[in-house]
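>>> 3D, please:
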Amino acid sequence: MPNKIIPYKPSLREFARSLRQNCTLSEVLLWEKLKKKSLGVQFHRQVPMLDYVVDFYCHEIGLAIEVDGRIHEYKYFYDARRQGRLESEGVTFLRFSNDYVKYHLSTVINEIAEKVDELKL
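Down below sits the predicted model:
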């Protein structure tokens, strides 16, 4: 399956780098489980796409994973528009709250693994 590369604004490159250096605890915990092809596909952190940066992305299957903090409770319409634009490019989304990742990490990994298997077909 060819990698799904989404074009992005070059100005986002530096912003994505700074996000990688300032991850939340939930992002760190999830990254430890996703890195090194642990689910059979390669994920990348803080990936620029169009006008946005997604927390984790697998180019091989077009899967984006977002870990939402409390700020996202107030950014619902922005997040919905952002997700809709990326979905129109063929990206599939999974969203989890920070707390859900922290307290239910094994469930999160199982949900991601199921979606990875589904998209690999």
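>>> And Tyr57, what's its pLDDT?
What the model reports as pLDDT for Tyr57 is 97.
>>> neighbours around the nearest residue to Arg82 once chain neighbours are set aside, how many?
Of all residues not flanking Arg82 in the chain, Tyr52 sits nearest, at 5.3 Å (C-beta to C-beta, 6 or more residues apart in numbering). Glycine gets a C-beta too; all of them are placed from N, C-alpha and C. Applying other C-beta atoms under 10 Å, we find 20 residues neighbouring Tyr52.
>>> How much space separates Tyr52 from Glu111?
For Tyr52, the distance to Glu111 equals 22 Å [C-beta to C-beta, to the nearest Å].
>>> in stretch 96-111, what's buried?
By 16 or more other C-beta atoms under 10 Å, the buried positions in stretch 96-111 come out as Phe96, Ser97, Asn98, Tyr100, Val101, Lys102, Leu105, Val108, Ile109.
>>> and it, what's its mean pLDDT?
Here stretch 96-111 scores 97 as its mean pLDDT.
>>> contacts for it?
Residues outside stretch 96-111 that contact it (C-beta atoms under 8 Å, 6 or more residues apart in numbering): 24-27, 29-30, 33, 39, 65-70, 94.
>>> Pretty sure Lys9 sits against Asp51.
Yes: assessed by C-beta atoms under 8 Å, Lys9 is found in contact with Asp51 at 6.0 Å.
>>> For the residue nearest to Arg82, give me its contacts.
Tyr52 is in contact with Tyr8, Leu12, Arg82, Arg85, Leu86, counting by C-beta under 8 Å, 6+ apart.
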